[in-house]
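Q: Provide a 3D model corresponding to the input given below.
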Amino acid sequence: MTDSITVPSPTDFEAPELFINRELSLLEFNDRVLEQALDTSVPLLERLKFLCISSTNLDEFFEVRVAGLKQKAELANPPTEADSRLPREVLREISERTHRLVSKQYDALNESLIPALENEGIRFLRRAEWNPKQRAWLAEYFEEELLPVISPIGLDPAHPFPRILNKSLNFIVDLDGTDAFGRKIQHAVVQAPRALPRVIKLPPDETDSGAYDFVFLSSIIHEHVGDLFPSMNATGCYQFRVTRNSDLYVDEEEVDDLLRAVEGELPGRRYGDCVRLEVAHNCPDTLSDYLLGRFLLTRADLYQVHGPVNVNRLMSVLDAVDRPDLKYPAFSPRLPQILSPSGDLFAAIRSEDVLLHHPFDSFLPVVEFVRRAGSDPSVLAIKQTLYRTGPESAVVDALVKAAKAGKEVTVVVELRARFDEADNIELANRLQAAGAHIVYGVVGYKTHAKMTLIVRRETDGLVNYVHLGTGNYHPKTARLYTDYGLFSCDPQLGNDVHEMFLQLTSLGKVSDMARIIDAPFRLHDAIMAKIEREAKHAAAGRPARIVAKMNSLVEPAVIRALYAASAAGVQIDLIVRGICCLRPDVSGVSDNIRVRSIVGRFLEHTRVFRFENDGEPELYLASADWMDRNFFRRVETCFPVMAKPLYDRVERELALYLADNSNAWLLGEDGGYSPARPNEGEAELAVQRRLMEGPG
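A: Okay, the predicted model is just below:
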């Protein structure tokens, strides 16, 4: 379902009709992810992974975005987005679209993926399909693994409805008969133990099973639920799962210790207000309504699903199945020759700037940058920002060793990186124990910049070596996300990074910087000025073009500036992976704007901004998307690519993204996306596959 609009006056760039709602745009992105699960050109187990990703994305959408909208609707807040829709109106449309999306997910699972997996000997066995040996083994599994830790709760005045953990697997049970005390109990709740896997692989030798036969934990509980209620008859057993508001709230003006405040808020995330109820498709309306009443939800919040209520748990199957032929071919990131493992890393960077494009280029040099600094007697100090880095991080290991070796190590840890708060607290404590200086950014602003500074004493004095990136210092996601990283010892760039770290630690005002454009102070004004400069060039008949690649485009003033530039004749190509609130192809407004989204093997995460500037083009990489939060509520970096070979490489790679006709989706005026396809006689081009072969 796409938006229908009435085209406004060509000069009315404020008109709400010109803006796509951000929540609905995010749902469109999730639909594009789900389409990968239906694409038969994608390896089968990777298709299953995309289904799981779409389920995880939808969970987070409800936990954060829908939860926030519900709060606004309850408070009768006025519209805050540029499209001017009321929260209640948006919630109604979200409900309609997500119900269709969930139906599509389960259709993909039941009608496409499960049959295709079964043809490959990967089976999910229903209870009716269990053979005697499987049944016996699963009964033993229930007795030994489940029964000792499960706590069924018969509901009566002494046993009230239990607190249900966010996104946990539960069962509502219909009972007939009397309990041990002669009382009639109608309902019970069974909560699946959190420690047990949701998908169990059957041992082939013991159960006469295939090599890859699996059973859902829910099926085992369902089969043996009667054993949990002696003397009573379980007449019905139905899965359910509730999704809760999981956004952390910390009143930063009232806290004096941000670490303790965030730690204190984390447990409450599991029991926030309910926003969605998922139940088995065959659950009677009486029980569904009973659950809705318990969770203070309406039928618009109810999702009846034909299959496991926690589809994302199928992700474990990818590791359990050793079938390389059903996965993407193995891929080894390349290592630029100048960064040879046996070479002098600092000498290489001193000789020229080095650009890495992950995952096509290895992330190892980034880890080595910090590791070698820790053991280099000439290095005096290491400073780094950490937003997301993972619970087990080679980067953090290197920082710990450097601190223990006596280096001055300063780390800016962002405690409020959503859903990574607990990991970041643990890493911060570990670094502090090693002797590193730890700060938690700036109250009221997330530190989202990705930067490392190494101060080294050399024959001609102190030299600043820097790494600036578009993505996180996370070795695992560096193999899954596309990101640029730049090594340089340019004195001006190094001084800019030094100034930014001073600001983050001392909170003093930064003087004007030579290379970096920072948020929240200068980035928005700079982007607006560069867009307006292109419009002036176009109006004067000079070369004018904008190519921008990012994850999300939301900020209204920037969108209006792009509309004005388009109306002035600027050719604008936008590569926006996720949310895009700009509406292309509106006559007189955005005729000259084209928007595409790339969805493929890797998650597109680079931010690249190119401005033609009358034949003297400028090219920037950034940690920031064009969103309100990045411009005004985060510490971000936007930095130029100055070396000609590196500039040329990024420009060639941008051209490949614009030519992709395999994994690209084109945004239309109505807010819907259509897949790009090769024209007649045109060769197929998938940019990610092309970049795996070599640099652009």
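Q: what's Val370 in contact with, if anything?
A: Val370 makes contacts with Ile382, Gln384, Val395, Ala398, Leu399, Ala402, Thr452, Ile454, as judged by C-beta atoms under 8 Å, 6 or more residues apart in numbering. Glycine gets a C-beta too; all of them are placed from N, C-alpha and C.
Q: List buried residues within those.
A: Buried residues within those, counting neighbours by 16 or more other C-beta atoms under 10 Å: Ile382, Gln384, Val395, Ala398, Leu399, Ala402, Thr452, Ile454.
Q: For the stretch 51-200 of the chain, which segments count as strands?
A: All strands of the stretch 51-200 of the chain, identified by DSSP state E, counting those that start in this stretch, fall at 122-124, 153-154, 170-177, 187-191, 199-201.
Q: Out of the ones you listed, which gets nearest to Val275?
A: strand 170-177 (16.2 Å; C-beta to C-beta).
Q: quick one: strands adjacent to that closest one?
A: strand 187-191 (antiparallel), strand 232-244 (antiparallel) (DSSP bridges).
Q: quick one: contacts of the first one?
A: When you say that, I think you mean strand 187-191. With C-beta under 8 Å, 6+ apart as the test, strand 187-191 has contacts from 150-155, 161-162, 164-165, 168-175, 221, 225, 228-229, 237, 287, 290.
Q: ok so, going back, save the strands of the stretch 51-200 of the chain as JSON lines, and put in distance to Val309 too.
A: As requested, the strands of the stretch 51-200 of the chain are exported to JSON lines (distance: least, C-beta to C-beta, whole Å):
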{"stretch": "strand 122-124", "distance to Val309": "15"}
{"stretch": "strand 153-154", "distance to Val309": "19"}
{"stretch": "strand 170-177", "distance to Val309": "9"}
{"stretch": "strand 187-191", "distance to Val309": "13"}
{"stretch": "strand 199-201", "distance to Val309": "13"}
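Q: Ile531 belongs to a helix, doesn't it?
A: Yes: under DSSP: H, G, I helix; E, B strand; the rest coil, Ile531 falls within a helix.
Q: thinking again about what came up before, which one among the buried ones among the contacts of Val370 gets closest to Arg32?
A: Val395 (31.3 Å).
Q: Wait, the closest one touches Val367, no?
A: Yes: the pair Val395 and Val367 qualifies as a contact (C-beta atoms under 8 Å) at a distance of 5.8 Å.
Q: Overlap in contacts, these two.
A: Shared contacts of Val395 and Val367, defined by C-beta under 8 Å, 6+ apart, comprise Pro475.
Q: Weed out the non-buried ones from the contacts of strand 187-191.
A: Neighbour-count burial (16+ other C-beta under 10 Å) applied to the contacts of strand 187-191 gives 150, 152-155, 164, 168-175, 221, 225, 228-229, 237, 287, 290.
Q: can you list the domains in this protein?
A: Following automatic domain parsing, one finds the domains of the chain at 104-326, 355-515, 519-693.
Q: With respect to Gly343, which of those lies nearest?
A: Evaluated over the domains of the chain, closeness to Gly343 peaks at domain 355-515, with 10.3 Å, by C-beta to C-beta.
Q: Show me what the mean pLDDT comes to for the closest one.
A: The average pLDDT within domain 355-515 is 88.
Q: now stretch 602-617
A: 96.
Q: can you dump the C-alpha coordinates of that stretch into CSV?
A: Presented in CSV, the C-alpha positions along stretch 602-617 are these (Å, rounded to 0.1, in the frame of the first residue of the first chain):
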residue,chain,number,x,y,z
PHE,A,602,25.7,-6.6,3.0
LEU,A,603,23.9,-3.9,4.9
GLU,A,604,24.6,-0.6,3.2
HIS,A,605,25.9,1.8,5.8
THR,A,606,28.3,4.3,4.1
ARG,A,607,27.5,8.0,4.1
VAL,A,608,28.9,9.8,1.1
PHE,A,609,28.1,13.4,-0.1
ARG,A,610,29.3,14.7,-3.4
PHE,A,611,28.6,18.3,-4.7
GLU,A,612,29.5,19.3,-8.3
ASN,A,613,30.3,22.9,-7.4
ASP,A,614,30.7,24.3,-10.9
GLY,A,615,33.3,21.7,-11.9
GLU,A,616,35.3,21.9,-8.7
PRO,A,617,33.6,19.0,-7.0
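Q: Give the buried residues for it.
A: In stretch 602-617, residues buried by neighbour count (16+ other C-beta under 10 Å) are Phe602, Leu603, Glu604, His605, Thr606, Arg607, Val608, Phe609, Arg610, Phe611, Glu612, Asn613.
Q: Tell me the backbone dihedrals of the residue lying closest to Gly374 once chain neighbours are set aside, please.
A: Distances taken as C-beta to C-beta, 6 or more residues apart in numbering place Ala402 nearest to Gly374, at 3.1 Å, with adjacent residues excluded. Ala402 adopts backbone torsions of phi -60, psi -40, taken as degrees, to the nearest 10.
Q: same question, the one 5 residues further on
A: According to degrees, to the nearest 10, the main-chain angles of Lys407 amount to phi -70, psi 150.
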